[in-house]
Structures are given as C-alpha cells and as structure tokens.
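Undergrad: sequence and predicted structure below; questions after.
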Amino acid sequence: MTFKNSSNFGFGTQIRKSPYFDATVRWGAKAFSVYNHMYIPRDFGDPIQNYWNLVNDAILCDVAVERQVEITGPDAAVFTQMLTPRDLTKCSVGQCKYVLITNADGGILNDPILLRLAENHFWLSLADNDVLLWAQGVAVNSGMDVTIHEPDVSPLQLQGPKSREIMKALFGDEIVDLRYYWLKETELNGIPLVVSRTGWSSELGYELYLRDASFGELLWERIMEAGAPHNLRPGHTSSIRRIEGAMLSYHADMDINTNPYELGLERLIDLEIDADFIGKTALERISRKGVSRKQVGLEIEEAPLAGPNTSFWSVFCGESNIGKVTSAIHSPRLDRNIALAMVGTEFAEIGTMLEVRKPEARVVATVVEKPFYDPRKKINSAAA
C-alpha cells in the first residue's frame, strides 16, 4: 500500500509516529511495521537497491523507534551497573558501549547501546522491548536515588561509506575526530543533538539523536539536502547487511530465554567486578557448567532466497532436530544464502553439514565462520 500522507495510515493513537514520519512518507516510504510501540519505515522500494545504496553511498534511516531509557541522579552509575554484566567503570563520559540487560536467570532482556553523557547521566538506546518498565520496576525497591524516564529523543541513522563527507558538510571538519563508539553533544543550526559514531549496519556511520521532536522535519530535510551531492538516499535498516555482519536482532536471534554464552558474547560479561548486577549468580553458574547450544553461521545451498525468513526454520542432523535458523538472507555481494542459527553445541564445529527444513523444501547447509563479511571490522577500524 502506498501512503500519500499520515492520514492514510492509521492504527490509532496508541501507535506513535516519529518526528520524521511525514518526511519519510514524502520521500517514498511505502510500508511500516511497529517497533517499541512506534511506526518504523520498512520499505523504500527494492531492498536489494537499498542494500547497494548503503554499501556504495549512504542512506538516511528513521530509527526513532530506538527509544531511550534515561537514567540520572546521584546513584545513576551504580544503578545502571546493576542492570548489565558489562563493566561500566571502563566506560568514560562521552563513550558508548554495546551492553546486555539480563534478568535473574541470565536471560537477555535487551541489547542496547549505552551512551554515557555525564558521570551520572546515561541513555540506553533500545532494541524492541519495554526495558523502561523493567528499569523503573528495579528502581522501586533499590533504595537508590535515580530518575528513570523516556526523554524527548529521536535518533536518525546516517550510514554508508559517504556518511563522513555528509557529516562534514553538516558539522564541519571537526566531526572527523569523533571516534568509533564515542558521542558528542552539539547542535545544527539551533537543532539540539547528540551525535555518535554508531549504527546498525556494519558500515561506517553515525546516529543523530534529536533532542526536540519539533525539529524533526527540519533535521530530515537538512540532512537530505547536505547529502544530495553524495548520492544520499532515504532508506531502511538493511537485513542483508546486518546479517552479513552477524549483527543480532532481538526477538529473532535472541530473547529472554537466551543467555550471552550461547551467543558467544562472553566479552560483554565481567564476573570479577564487585557490583552485584542482576543475573550475576546465574551467569557464574552457566560459565562453570557450559551451554548446550550455540549460535553459528550457516551457508544454505539453494537458489537465492527471495527475502528474509519470516519464521524459524528447523535444523536437522539426520533425523534429529538440533536447532533453528533465526535469521536468513541472500547476500548479493557474496552471492550466497547466509544465516544465523542456534544449534546444539556438538553440531557447532565449522564445516559440519546439516539440513534446514523450510515449509516448502529441505536444503543442505554448512556451518561457517561469522561474521560473513568484514570479520575483523576493518571498515570501522580503518575509519577510526
């Protein structure tokens, strides 16, 4: 369905529109889905062309659905550490960290980007989940002096190899000094922003966190204007590129019943810190005992997939069901069908031959290394 303006697209007022909603419709958004109780554009035309726009030039994505949980107050640093097993004493003011939010069983509730704006001022930039309610609930009986709410903050993602030149056109040459996973509080022609060198694309990119929704349309148009000489296109987060980079999608590749060790994310857990973060006892136990399943990369041998999987596909070894495919796509650059899957640990060795059972077919798959493209993160490290 094509939408000419926001009045053609209505689920009721309980589904929120981003400050960029009308701008994205004008610029060609054809379909939306709901994420964190808000519309997100999912279709600007051919997803393969969107992918090439991303990897060759740059795209601008409305990701205002990445809602922020803001934690402030005298005990904000101590409280935020209680939510995550990652050691936040190693996170400086002005730095960002990829973190996990775990429950008492060690299950993953979310995998946000944490931004530290001040000693006791944090944002958790969320994947799709109600972590705001979790954090407020944890705070009730914590005895800590913290304030937790959702601020008026709406991010955009500017991603792709030409994103730096576009940022220079907007902010001047000094933006080049912004390092990977660091942030800067700034403004653009009076528009209040936080800018970070982060993004959900595995490409060079930036996120621009708008701090006043009333400037939404102005900010969108200003970026598109600055990007025109660099072939900037409106777009949506690319499933192809994020799977190539083995970037995880909450509710697909993990959920509350998944623990960090199953995903190979031990680096995000520090069991030696003094803080008694939620899930510490469970994660200590899992670390000692080990896990019975593990996330792997798969190469699926069949004709190019027409699009991402819309259901979990069973993975078999012989007649034994040993796991499931969580995310699958065809990579036009690699000319391969690639997938992330959760399988029994005894089937996780590189080179293991398995069978994927889709609703319409049974196909051969091989366990391969992941990420599938740029495994050493050279794209972002070279640009640091």
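TA: Sure, I can see it. Numbering: from 1, shown residues only.
Undergrad: residue contacts, the nearest residue to A361 once chain neighbours are set aside?
TA: In space, and not counting its chain neighbours, A361 is closest to E302: 7.0 Å by C-beta to C-beta, 6 or more residues apart in numbering. Placement of C-beta: from N, CA and C, glycine included. Listed by C-beta atoms under 8 Å, 6 or more residues apart in numbering, the contact set of E302 reads N337, A361, V363, V364.
Undergrad: among these, which lie within strands?
TA: Of these, the ones assigned to strands by DSSP state E are N337, V363, V364.
Undergrad: could those residues go into JSON lines alongside distance to M144, neighbour count and pLDDT?
TA: What follows is these, written out as JSON lines (distance: C-beta to C-beta, whole Å; neighbours: other C-beta atoms under 10 Å; pLDDT from 0 to 100):
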{"residue": "N337", "distance to M144": "48", "neighbour count": "20", "pLDDT": "98"}
{"residue": "V363", "distance to M144": "52", "neighbour count": "16", "pLDDT": "97"}
{"residue": "V364", "distance to M144": "54", "neighbour count": "12", "pLDDT": "98"}
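Undergrad: out of the residues you listed, who's nearest R116?
TA: Distance to R116 across these (C-beta to C-beta) is lowest for N337, with 39.4 Å.
Undergrad: is it true that that closest one touches L305?
TA: Yes - here N337 reaches L305: they are 5.2 Å apart, a contact under C-beta atoms under 8 Å.
Undergrad: what is in contact with these two at once?
TA: Here N337 and L305 have A328, I329, H330 as joint contacts, going by C-beta under 8 Å, 6+ apart.
Undergrad: in strands only, show me the residues you listed.
TA: In strands, defined here by DSSP E, the members of the shared contacts of N337 and L305 are A328, I329, H330.
Undergrad: including neighbour count, pLDDT and distance to L156, could those residues go into a markdown table?
TA: Below are these laid out as a markdown table (neighbours: other C-beta atoms under 10 Å; pLDDT from 0 to 100; distance: C-beta to C-beta, whole Å):
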| residue | neighbour count | pLDDT | distance to L156 |
| --- | --- | --- | --- |
| A328 | 24 | 98 | 28 |
| I329 | 27 | 98 | 24 |
| H330 | 20 | 98 | 28 |
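Undergrad: looking at those residues, which one is closest to G245?
TA: Comparing those against G245 with C-beta to C-beta places I329 closest, at 11.6 Å.
Undergrad: just give me the longest helix of this protein.
TA: Across the chain, the longest stretch assigned as helix under DSSP state H is helix 216-227.
Undergrad: after that one, which helix or strand is next?
TA: Per DSSP states H and E, the first helix or strand lying C-terminal to helix 216-227 is strand 232-235.
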